[in-house]
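J.: predicted structure and sequence below. I'll ask about it afterward.
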Amino acid sequence: MVSPLSPLLIIQIFVFGFAIWFGFFLLARDIHKPGLRFAGLGLAVYALGLGLDVLTPYAISPEMWMRWRWPLLFIPALCWFGATLHLLPETNPQLSRIANLGLIPAILFLYGLAFITDLPISINQPGYWILAFGVALLLGLALLIGWQTRRSGIPGKPFAWFSVGTLFFALGMALLLLPIGLFPPEIMLLAIGGDLVVLGLVIVALDAFDEGEALLPDFIRSLGFSFFAALLFGGQVALAMVLGEGITFPLLMLLLIIMTSAIATQTFSDPLQALLDRVLFSRFGRLRQARAELRAAASALPRVNGSLDLDTLDEAEFSRLTRRALSHFGDLQRLASSPLTRLPLIEARLGEHGQDGNTLTRAAELKSLLTEGVAKLKPRDKGDFGTSDEWRYYNSLYFPYVVGLKPYSLNADHENMDSASQAALEWFRASVPERTLHNWQNAGAKLIARDLREQILQ
């Protein structure tokens, strides 16, 4: 029997799989970073829209699926703008918070329009053109933000890729939303996916550069595992289509769901295993801890940038890496991938303690080294907490990173704190703006980086 899968459908399925994997990859890399989160969500939403586009011709009620699919044309533009906003080295915290909180209401608004009005099936209405203008405005603002980012020091090649990607994304959205008819909608939808991939590559490449990590090994590992998992399980459904009665809506939906599940299982394997460990090994605390450490080491290895020469780094670059290591103080996996774990100072300290230089011991020694550096910032013989200027660098690093305070988070758990931590939390919230804390942390990290370099030279 001739395969019922057309070349266009095969391409759409492969693009769907790649987009959903890349979106998950960006989210799994660090979901707490807004740039990665927005770019990952944009790709995941695009993949969902492409999946609905694939399913609609085989559905019993295509109009209903069109209503679900229509808002997904606009949401990637919102995510593009959000990701672009966080390309700025110093994003305004209030503006960042508005972008984060505004995404869900915007999605609900679009779906409200989709199910209450006829916008999904009629473009001869003013509201449709208002939304199209809104997309154009967002992408224009994205270009302006990108230009501001370029003036702030973003490397030239990523900026060029970002600018070209934004222009082609805007062009693709225009050709898809406006009744021009130059290209079939299916082709334009695939082209927009390429633009979103470019944005994701720019975001993740800049993040890897900022962290001092290697990107390609981690990229290949995740892509390879996810591809073979999707091929192994999704291929069985595709084979059933070929050998059976052809394409049906249930089989096609099952294929997309199985591909998504297989890719998600591989991409989010670490958090999924941690969750299962908490359930299955709830009475075996040491076993859970040992397995968590081994997972952290295995995940960190592909990210370690062995080509980075620490001896040739200038002071600003070394300070930046120190700042990143401090921000990952409580995250063993991210700390283990820091290039600072290969400092000669850590090699010497491991030798003095008679320890092997594996990934976990290096991360633990770096954490100890950073703890000592933060402690040196503390004013001597003046108690555990103070609010004068001499305390600001110590307070800004010790309490948020070593203690784990999150003074500006509404959902953070601050129970069972000692009196000094409680006083610091109240002081941060009452007297220290978020931007000021960020500036103090940068200044404090520079002092610790300078101390580390002086120790290396001794």
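T.: Structure received. Numbering: from 1, shown residues only.
J.: show me the chain divided up by domain.
T.: Per automatic domain parsing, the structural domains of the chain span 7-267, 304-457.
J.: worst average pLDDT in those domains?
T.: Here the domains of the chain differ in mean pLDDT, and the lowest is domain 7-267 at a mean of 77.
J.: could you work out the end-to-end span of that one for me?
T.: 28 Å (C-alpha to C-alpha, to the nearest Å).
J.: also stretch 25-38?
T.: End-to-end distance (C-alpha to C-alpha), stretch 25-38: 12 Å.
J.: buried ones in stretch 427-439?
T.: Applying a neighbour-count criterion of 16 or more other C-beta atoms under 10 Å, one finds Trp427, Phe428, Val432, Leu437 buried in stretch 427-439. No exception for glycine: its C-beta is placed from N, CA and C like everyone else's.
J.: re earlier: now the domains of the chain as CSV including distance to Phe284?
T.: Formatted as CSV, the domains of the chain follow (distance: least, C-beta to C-beta, whole Å):
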stretch, distance to Phe284
domain 7-267, 24
domain 304-457, 19
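J.: coming back round to it: which pair in the buried residues of stretch 427-439 spans the largest distance?
T.: Spatial extent of these (C-beta to C-beta) is set by the pair Trp427 and Leu437 at 10.8 Å.
J.: thinking again about what came up before, what's the closest of the buried residues of stretch 427-439 to Trp21?
T.: Closest to Trp21 out of the buried residues of stretch 427-439 is Leu437 (36.3 Å), distances taken as C-beta to C-beta.
J.: which residue packs closest to the closest one, ignoring adjacent ones?
T.: Ser396 (5.5 Å; C-beta to C-beta, 6 or more residues apart in numbering).
J.: chain center to stretch 303-310, what's the gap?
T.: 21 Å (C-alpha atoms, centre = their mean, to the nearest Å).
J.: list the buried residues in that stretch.
T.: Of the residues in stretch 303-310, Arg303, Val304, Asn305, Leu308, Leu310 count as buried by neighbour count, 16+ other C-beta under 10 Å.
J.: in the sheet, who's paired with the second one?
T.: Spelled out, that is Val304. Glu213 (DSSP bridges).
J.: can you tell me which residues contact it?
T.: Glu213, Ala214, Ala336, Ser337, Pro339, Thr341, Arg342, Thr359 (C-beta atoms under 8 Å, 6 or more residues apart in numbering).
J.: hmm, back to that, by contact count, what packs against the helix or strand encompassing the residue nearest to Leu437?
T.: Following DSSP states H and E, the helix or strand that holds Ser396 is helix 392-397. In terms of contacts (3 or more C-beta pairs under 8 Å, 6 or more residues apart in numbering; DSSP states H and E), helix 392-397 is packed against helix 419-431, helix 434-457.
J.: out of those, nearest to Leu48?
T.: Using C-beta to C-beta, those put helix 434-457 closest to Leu48, at 33.4 Å.
J.: that closest one versus helix 419-431: what angle between them?
T.: Angle of helix 434-457 versus helix 419-431, following axes from the mean of the first three to the mean of the last three C-alpha atoms, to 10 degrees, is 130 degrees.
J.: which residues touch helix 434-457?
T.: 90, 92-93, 315, 318-319, 321-323, 326, 340, 343-345, 369-370, 373-374, 376-377, 392-397, 400, 407-408, 428, 432.
J.: just the buried residues of these.
T.: 318-319, 321-323, 326, 340, 343, 345, 369-370, 373-374, 377, 392-397, 400, 407, 428, 432.
J.: and the residue nearest to Lys378 when sequence neighbours are not counted, what does it touch?
T.: Excluding the flanking residues, the one nearest Lys378 by C-beta to C-beta, 6+ apart is Tyr394, at 4.6 Å. Residues in contact with Tyr394 (C-beta under 8 Å, 6+ apart) are Val374, Leu377, Lys378, Pro379, Gly444.
J.: would you turn these into CSV with secondary structure and distance to Leu110?
T.: Listed next are the contacts of Tyr394 as CSV, based on DSSP: H, G, I helix; E, B strand; the rest coil; distance: C-beta to C-beta, whole Å:
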residue, secondary structure, distance to Leu110
Val374, helix, 46
Leu377, coil, 48
Lys378, coil, 51
Pro379, coil, 54
Gly444, helix, 43
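J.: where does the closest residue to Leu350 other than its chain neighbours sit, in terms of helix or strand?
T.: Once flanking residues are discounted, Leu350 sits nearest to Gly357: 5.3 Å by C-beta to C-beta, 6+ apart. Using DSSP H and E, Gly357 falls within no helix or strand.
J.: what's the closest non-adjacent residue to Leu254?
T.: Val237 (5.5 Å).
J.: quick one: buried residues of whichever strand or helix holds the one you found?
T.: If you go by DSSP H and E, Val237 is part of helix 216-243. Within helix 216-243, the residues scored as buried using 16+ other C-beta under 10 Å are 218-219, 222-223, 225-227, 229-230, 233-234, 237-238, 241.
J.: which elements pack onto that helix?
T.: Going by 3+ C-beta pairs under 8 Å, 6+ apart, helix 216-243 lies up against helix 7-29, helix 249-267.
J.: now these as a markdown table including distance to Ala205 and mean neighbour count?
T.: Formatted as a markdown table, those follow (distance: least, C-beta to C-beta, whole Å; neighbours: other C-beta atoms under 10 Å):
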| stretch | distance to Ala205 | mean neighbour count |
| --- | --- | --- |
| helix 7-29 | 11 | 20 |
| helix 249-267 | 18 | 19 |
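J.: kind regards, and thank you for your time.
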